[in-house]
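Peer 1: generate coordinates for the sequence data below:
(2 chains)
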Amino acid sequence: MNKLIISLFMFLCTSSFCLSENSTLKVYTYDSFVSDWGPGPIIEKAFEKTCNCDLQLIGAGDGAALLAKILLEGNLTEADVVLGLDTNLITRAKETKLFAKHLKNADLNLPITWNDDTFLPFDWGYFAFVYNSQNIKTVPNNFNDLINEPNLRIVIQDPRSSTPGLGLLMWIKAAYGEESEKIWKGLAPKILTVTKGWSEAYGLFMDGEADLVLSYTTSPAYHIIAENDLTKKAAIFDEGHYMQIEVAAKIATTDQTELADKFLDFMISKKFQSIIPTTNWMYPVINLDDKLDKAFSPPIPKNKSLFFEPITAQKIRKQALSEWLKVLSK
Amino acid sequence: MVKSIKQINFTMLLGWVSLTLLTVVTFGTLVVVYLKSHNNFNLSATDLKIIKFTAYQAVISATISAILGIFLARALTRKSFMGKSILITILGAPFILPIIVAVLGLISVFGRNGIINRSLELIGIENISIYGLHGIIIANTFFNLPLVSRLLLHGWNSIPAEQIRLAESLGFKKRDIFFLIELPMLRTRLPGIFAVVFLICVSSFSIALTLGGGPKSTTIELAIYQAFRYDFDLSKAANLAVIQFAMCFIITIIVLWTQKTQSFQVSFDRVNVRWTKKNDSFFDWIVISICSIFLIAPLLIIVIEGIFSLHLINSIIFISLIKSILVASGATVLCLFLTFSLANVIVTHNNKNQIKWLMESSAYFIIASSPLVIGTGFFIFLFPVINPVKIVFPITALINAIMAVPFSLRIILPAMQKINQDYGKLSESLGLNGYEKFITLTLPRMKREIGFSIGLISALSIGDLGVITLFSSPQSGTLPMTIYRLMGSYQMEAAKAASFLLLLSCFLIFFLSDKMARSNAKH
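Peer 2: Numbers count the residues shown, from 1 in each chain, chains lettered A, B, ... in the order given. Below you'll find the model as predicted:
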């Protein structure tokens, strides 16, 4: 009798397994997320264990280009979930009405209270310039040092295609307000090149093409943990650091609503969150107790943390962008 | 008689169908784009800078290519050495070389860790950057120096030996020969060549995409791409597309006008022996060596490093190669259909001259249109109906086919005209006309030209990185697109392996179709 029940059970299992095997969840994300060394491969395996589905993580450029990609595909998009925008893009993304509300009450551990009804955060960090301590003698302590230090070559990302690039616009606006143009004018001659995404920029830095790269305060942790390399450091600026919160949301027209919801739940679960720090090299959005490696620098103190609410960021974005274009095209 | 009229009409019908397709794709998409931008056509200060930069980099690139080209062609004319014919053949390679492959090679040579900068570092000179204006100019020169040299070499070879002999018997010095014989040749040829190179540089999208990008080094075509892929601002893309077309249209008129009097075919059958005598100029050797190294080193690096990274070729790279081959096959078939449909009308001598002129000139005016503009038009037109991402491969094949028509027509038309001259009267008296004449008389006599066209069109199409960048959905794309992605995610070794594969397929297809046609063309 028991055998019958077990075999019946197994039969049901396999048939349901077969059924849900057919369902595929397509998640558009940024390139470095799906790279071999990024969180993608591990996340995919972990989620597929619980969902009996095929999770396809698809790299579509850097964060900001990701939004344009969704706009380009519109209602006809194949994506079910978009993962990798940030708070600076949330308002613009919501205006398109292409994203669905998440209806979740998540217990998050963020420096700010989260109350967006469409996007859910999956990690966060602070933008910073990363340098190789073997090549740089005097470490810049602020943007003015960066401007005044001769012979520095900086590589940054395009704010139109990349969220770190956009983050730098916001950072300088938050720190200098009206005087942001002056800072950009000073930075312009130092900028070796503007790349489309974070991966290219970091690649150029690692290849020795640039002295400093726009990245995160948590980037050195990668070199310490993964490569046992203590030479890469983040320059801490006395103006403070702009905070990035990376988010994801469900596409409104998805035919995989349940699976998409399941993925968003998984995204803020302990499993996913414990993968993030040592693969995406960002802070987790929930409390992992003391599972965070010591190589991670403690978060920037509150009074040095810069941030614009999504609506404010959207208002600033256009003006800051045209200012950037004007200065850098000279 | 009734039958032959029907056949003539069939020829005409195909001609009109092709003409319509060409016009719809090139001008029709432009109209769509213009209507989209019409509401708010304005130019910001940034747009003006982009236009200026586009013209600026093209002028500099064309000037450098022209100057170096003059020196190289002159040196090649006056020197004879082992491997000269191989070198001249290599000079033709960049025409079918996929731009993305060359760019990757140039980065390996001129990048911060490249040979040039490492040696500069040893001497203590500051690095040059391959990104931005410098890189764009280097890449443009890489592609256009060979073109200029080949065309000028043809010019030098066209100077009759009698002229040189006469000059020598009159006791002309080198200087006199230059001013009285060589300079007039340059004066008639150079403006046309310069215009062609300028046009190529204005619309060199892939070079700007891979080496430019920052606001300081953005060309119009790149800005169209950015408006599309970064901001999804269709009206801005449309604005820029109108400007790009206007600019290219004007240059094309200049190009066609300057070329009216000269043939543009490339042939090197005759090497003028006179030039190679009594020449001890060491300078010529320097020019030949530097230019050869400049043109060969980037490719050599791709080949060597590519071979050593072949194990990195994965299923994604392989699938994208197959997609590329399919796109190229589609483009080749369509392009040949269009070319022959137009050429049949043009060579039929009882057709009205106006119609012939219309067919021929509209085919040549295709070089004014930009794939990015056409792509934008397609997108605006199709977006409400179907996700353009889903039909990206047919669109790419269609655009590649149309962009190749001017080249294949240049190859096919003269041959067809000659056949018509030789056999036209005879076939007419035999009542051989239209379709039947085409199959039994024309085609069998054109195997060489057809083979050359097939090789050229498929090589151009297989390495194209243009319109595909607008639509391609993530993780699907042609091989050039995959290489671009690999470079973007900084997997340089895999990119080099894929580049080697692309290079190999490109030249293999070109030489195989050319060779097969040649060996078949024994009649």
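
Peer 1: ok, which stretches of the stretch 1-150 of chain A are helices?
Peer 2: A:2-21, A:31-34, A:40-51, A:63-73, A:87-95, A:143-148 (DSSP state H, counting those that start in this stretch).

Peer 1: report the distance from the third one to the chain centre.
Peer 2: Using C-alpha atoms, centre = their mean, to the nearest Å, the mean C-alpha position of helix A:40-51 is found 19 Å from that of the whole chain.

Peer 1: in it, which residues are buried?
Peer 2: Within helix A:40-51, the residues scored as buried using 16 or more other C-beta atoms under 10 Å in any protein chain shown are A:40, A:43-44, A:46-47, A:51. In this view, the C-beta of every residue, glycine as well, is placed from N, C-alpha and C.

Peer 1: show the average pLDDT along it.
Peer 2: Across helix A:40-51, the average pLDDT comes to 93.

Peer 1: near chain B at all, it?
Peer 2: No - Helix A:40-51 does not reach chain B (C-beta under 8 Å from any C-beta of the partner chain); its nearest approach is 11.6 Å.

Peer 1: residue A:125 contacts residue A:244, doesn't it?
Peer 2: Yes - counting by C-beta atoms under 8 Å, residue A:125 touches residue A:244, with 5.7 Å between them.

Peer 1: any common contacting residues for these two?
Peer 2: Counting by C-beta atoms under 8 Å, 6 or more residues apart in numbering or on different chains, the shared contacts of residue A:125 and residue A:244 are residue A:216.

Peer 1: could I get the contacting residues of the residue of chain A found nearest chain B?
Peer 2: Closest residue of chain A to chain B, C-beta to the nearest C-beta: residue A:203 (3.1 Å). For residue A:203, the contact set (C-beta under 8 Å, 6+ apart) comprises B:489-490.

Peer 1: so what's residue B:342 closest to, chain neighbours aside?
Peer 2: The shortest distance from residue B:342 to any non-neighbouring residue, by C-beta to C-beta, 6 or more residues apart in numbering or on different chains, is to residue B:359 (4.8 Å).

Peer 1: no, scratch that, I was asking about residue B:491
Peer 2: residue B:312 (7.8 Å).

Peer 1: could you check how far that neighbour is from residue B:188?
Peer 2: 50 Å (C-beta to C-beta, to the nearest Å).

Peer 1: so between those two, which is more surrounded?
Peer 2: residue B:312 (16 against 13; other C-beta atoms under 10 Å in any protein chain shown).

Peer 1: hang on, the earlier thing: which one of the buried residues of helix A:40-51 sits closest to residue B:447?
Peer 2: residue A:40 (51.2 Å; C-beta to C-beta).

Peer 1: which residue sits closest to the closest one, ignoring its sequence neighbours?
Peer 2: residue A:34 (3.9 Å).

Peer 1: count the neighbours of the one you found for me.
Peer 2: 24.

Peer 1: for it, which residues are in contact?
Peer 2: Residue A:34 touches A:40-41, A:57-59, counting by C-beta under 8 Å, 6+ apart.

Peer 1: let's see the pLDDT reported for it.
Peer 2: Residue A:34 carries a pLDDT value of 87.

Peer 1: now swap in residue B:267 and tell me
Peer 2: pLDDT, residue B:267: 41.

Peer 1: which SS state does residue A:248 fall under?
Peer 2: Classification of residue A:248 using DSSP: H, G, I helix; E, B strand; the rest coil returns strand.
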